[in-house]
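[1] Here is my input; please provide its structure:
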Amino acid sequence: MNLNFVFKSPDHIRYENGIHVSGPHGGAGRAIKVEPNINGGDGLTVTLYNMDGNHPVWQNNVQMAPKQMKIIEQTSDMIILRGYGNDMMGASFADYGLTVNYENGDIKNCILHMHDRGVDIEYLA
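    Numbers count the residues shown, from 1 in each chain. Below is the predicted model:
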């Protein structure tokens, strides 16, 4: 399974502590980019983009800043990534994870995990 991709999602569903709390929204475009570690280290980098326009403060479309992650589990139809290390401000990447689900070799969905908040966001195909 290729872990160098951009998955474009037209919408998403938010779960808090396993309970569906919002979405789908009828159009909330996002893109999840998974690529080799941009800092040259082990693992991968995961970045999330807003496809609906620029962020009002940052003036770019980055929704979630790049997080370095490693594979912690892999099956024939799923890969689970978990953040490791810290950003330049000392915040832990381990608070984040990403599950990539495959169906017939294609990405079915991506689920962003914010472990420290009990939040999962399922990005739909």
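[2] can you tell me which residues contact the spatially most central residue of the chain?
    Taking Cα atoms, centre = their mean, the centroid of the chain lies closest to Leu112, which sits 4.2 Å from it. Residues in contact with Leu112 (Cβ atoms under 8 Å, 6 or more residues apart in numbering) are 32, 48, 64, 96-98, 120-121, 123. C-beta: built from backbone N, CA, C; applies to glycine.
[3] for this protein, which spans come out with low pLDDT?
    1, 55-59 (pLDDT under 70).
[4] rewinding a little: please name the bridge partners of the residue nearest to the centre of the chain.
    According to DSSP bridges, the residues that bridge with Leu112 are Leu98, Ile121.
[5] Repeat that for Lys67.
    Val46.
[6] C-terminal to the helix or strand where Gln63 lies, what's the next element?
    Per DSSP states H and E: Gln63 is located in strand 62-75. Counting by DSSP H and E, the next helix or strand C-terminal to strand 62-75 is strand 78-83.
[7] mind listing what's buried in that next one?
    Under the neighbour-count criterion of 16 or more other Cβ atoms under 10 Å, strand 78-83 has 79-83 buried.
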